[in-house]
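S.K.: Using only what follows, build the 3D model:
(one chain, ligands or ions: 1)
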Amino acid sequence: MTDKWRIALIQMEVRAGEPDANFAKLAELLERAVGGGPKPDVILAPEMWNTGYALDRIRELADEEGRRTKAFVADFCRRHGVNVIAGSIAELRPGEGGSAVTNTVYGFDREGNEIAEYAKIHLFKLMDEHLHLEAGEKTGRFELEKVPAAAMICYDIRFPELARKLALDGAKVLFVPAEWPHPRLHHWRTLLQARAIENQMYVVACNRVGTSGTTSFFGHSMIVDPWGEIVAEAGEEETILTAGIDLGLTDEVRGRIPVFADRRPALYE
Ligand SMILES: O=C(O)CCC(=O)C(=O)O
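M.R.: As a prediction, this is how the structure comes out:
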């Protein structure tokens, strides 16, 4: 198991309803992330980067079974030998009762193998997600280079019980793609730090920037360590935020304050 990773967060502007432009933008930023300087081990993109929140046209815009996204990301991973947690996309999924659109994260390893798939389980009513999207039914635990990891998407971070479940299932690093808007920067920062502190794990969170209708997105992608310290935080501009993480810190912090051993689940679960 590698114990040090260099992480790159693609804090990009997303154009609502323009998948071709968004694919081109992500392709450009991914190439930039691996060009010059030390190559990242893991790259994370934001939420719904293919379509943005063009929800009234989401069925026609969504990526059918994620085929375009998967081919694009797998090819990038293979060419550059990096792992990519591909943010999330609007995915058109076939189902028993007909097709539905989900807000789905895929993860790919350095060889381009798909290693993770998670569809957002808490839909955000304030942005009408529940009217246009179908919620996922499974949590997002996966292994990345033998490191137990997990994904949650945006609004999911308001549910500490989900993060705790993932940590109890072993996760040491939590990846969070988001489209989190103004005026809730203090919620974003506090919740990410809280999830890191209470679960003694890394929280790696990538938010978008730019505007969509009257909503503006503040970026502030960040990496929070298992002690709750912000290792790196972006501003409000389009950028690639990079930082190194030391996975050994998770065990060290868990050893220092034995929260998991001290739990009394019989009293509150
Ligand atoms: O919970 C929030 O304040 C923002 C959530 C959100 O924008 C989303 O889940 O897309």
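S.K.: When you work out contacts or count neighbours from here on, use the C-alpha atoms and nothing else.
M.R.: Fine.
S.K.: now the helices for the chain?
M.R.: If DSSP state H is used as the criterion, the helices of the chain fall at 19-34, 58-61, 67-80, 129-132, 160-168, 185-199, 248-256, 259-262, 265-268.
S.K.: For the fifth one, name the packing helices and strands.
M.R.: Packed against helix 160-168, as judged by 3 or more C-alpha pairs under 8 Å, 6 or more residues apart in numbering; DSSP states H and E, are the following elements: helix 185-199.
S.K.: mean confidence for the helix it packs on?
M.R.: For helix 185-199, mean pLDDT is 98.
S.K.: and that helix with the ligand, contact?
M.R.: No. Applying C-alpha under 6 Å from any ligand atom, one finds helix 185-199 separated from the ligand by no less than 7.0 Å.
S.K.: Just the angle for that helix relative to helix 160-168, thanks.
M.R.: Angle, helix 185-199 to helix 160-168, by axes from the mean of the first three to the mean of the last three C-alpha atoms, to 10 degrees: 40 degrees.
S.K.: in helix 185-199, what counts as buried?
M.R.: By neighbour count on 16 or more other C-alpha atoms under 10 Å, the buried set for helix 185-199 is 188-189, 191-199.
S.K.: Next: stretch 35-43.
M.R.: 39-43.
S.K.: and if you look at stretch 134-147?
M.R.: Buried, per 16+ other C-alpha under 10 Å, within stretch 134-147: 134-136, 139-144, 147.
S.K.: ok, back up a step: who wins for proximity to T102 among the helices of the chain?
M.R.: Of all these, it is helix 129-132 that lies closest to T102, at 8.8 Å by C-alpha to C-alpha.
S.K.: Now do the closest one, average pLDDT.
M.R.: Per-residue pLDDT over helix 129-132 has a mean of 96.
S.K.: swap in stretch 207-215?
M.R.: Mean per-residue pLDDT for stretch 207-215: 96.
S.K.: how long is it from one end to the other?
M.R.: End-to-end span of stretch 207-215 (C-alpha to C-alpha, to the nearest Å): 14 Å.
S.K.: which residues touch that stretch?
M.R.: Outside of stretch 207-215, the residues within contact range by C-alpha atoms under 8 Å, 6 or more residues apart in numbering are 11-16, 45-47, 53, 177-182, 216-221, 236-238.
S.K.: same check, this time on stretch 25-33
M.R.: Under C-alpha under 8 Å, 6+ apart, the answer for stretch 25-33 is 8, 10, 12, 39-40, 240.
S.K.: try stretch 233-245
M.R.: Contact with stretch 233-245 is made by 4-13, 29, 33, 40, 208-209, 217-223, 225, 231-232, as judged by C-alpha under 8 Å, 6+ apart.
S.K.: cutoff 6 Å now
M.R.: Outside stretch 233-245, the residues that touch it by C-alpha atoms under 6 Å, 6 or more residues apart in numbering are 4-12, 218-222.
S.K.: And these, which of them are buried?
M.R.: Here, 16+ other C-alpha under 10 Å leaves 7-12, 218-222 buried among these.
S.K.: ok, and which of those residues reach the ligand?
M.R.: Residues of these in contact with the ligand (C-alpha under 6 Å from any ligand atom): none.
S.K.: Tally up the residues packed near the residue of the stretch 101-250 of the chain found nearest the ligand, please.
M.R.: Residue of the stretch 101-250 of the chain nearest the ligand, by C-alpha to the nearest ligand atom: Y155 (3.5 Å). By other C-alpha atoms under 10 Å, the residues close to Y155 number 19.
S.K.: show me the contacts for the closest residue to M152 other than its chain neighbours.
M.R.: Excluding its sequence neighbours, the residue lying closest to M152 (C-alpha to C-alpha, 6 or more residues apart in numbering) is V176, at 5.2 Å. Contact analysis of V176 by C-alpha under 6 Å, 6+ apart lists 151-153, 205.
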